[in-house]
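Novice: Fold the following for me, if possible:
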Amino acid sequence: MGHNHAKPATAAQKLERLLNSIPADWSVKLEREALSGLWSAITAPPGSTETESEHAEDPVTALENAWRKNRPARK
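Specialist: Residues are numbered from 1 along each chain as shown. Next up is the predicted model:
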């Protein structure tokens with residue numbers, strides 16, 4: 001019996017999925033610290049206080065953490 005194993009998404013695919021999930025009117029900032037090389041991200045709706053994500057090893061994880069932290073609650 002064969003198994004259907006999906007290939008894990010690449011970093012580019014994950015980034016595209018995240019950017020498509022974030023509303024167009026939200027601000028998105030992605031920064032890398034010069035000395036540590038760690039990434040941080042901010043996602044915020046218009047008129048909202050920006051909240052920075054925890055630092056991460058890669059930009060996709062930083063953006064994903066920021067989106068999870070600031071996205072509207074699911075209904």
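Novice: quick one: low-confidence ranges for the chain?
Specialist: The chain contains residues with pLDDT under 70 at 1-2, 4, 74-75.
Novice: Which parts of this protein are helices?
Specialist: Secondary structure of the chain (DSSP state H): helices located at 11-21, 59-70.
Novice: contacts for stretch 67-75?
Specialist: By Cβ atoms under 8 Å, 6 or more residues apart in numbering, the residues outside stretch 67-75 that reach it are 18, 21-22, 41, 43-45, 48, 51, 53. No exception for glycine: its C-beta is placed from N, CA and C like everyone else's.
Novice: Compare those and tell me which is most surrounded.
Specialist: Highest neighbour count within the contacts of stretch 67-75, by other Cβ atoms under 10 Å: Thr43, with 27 neighbours.
Novice: List the buried residues for stretch 31-50?
Specialist: Within stretch 31-50, the residues scored as buried using 16 or more other Cβ atoms under 10 Å are 39-44.
Novice: which of these lies closest to Lys29?
Specialist: Proximity of the buried residues of stretch 31-50 to Lys29 (Cβ to Cβ) peaks at Ile42, which lies at 4.3 Å.
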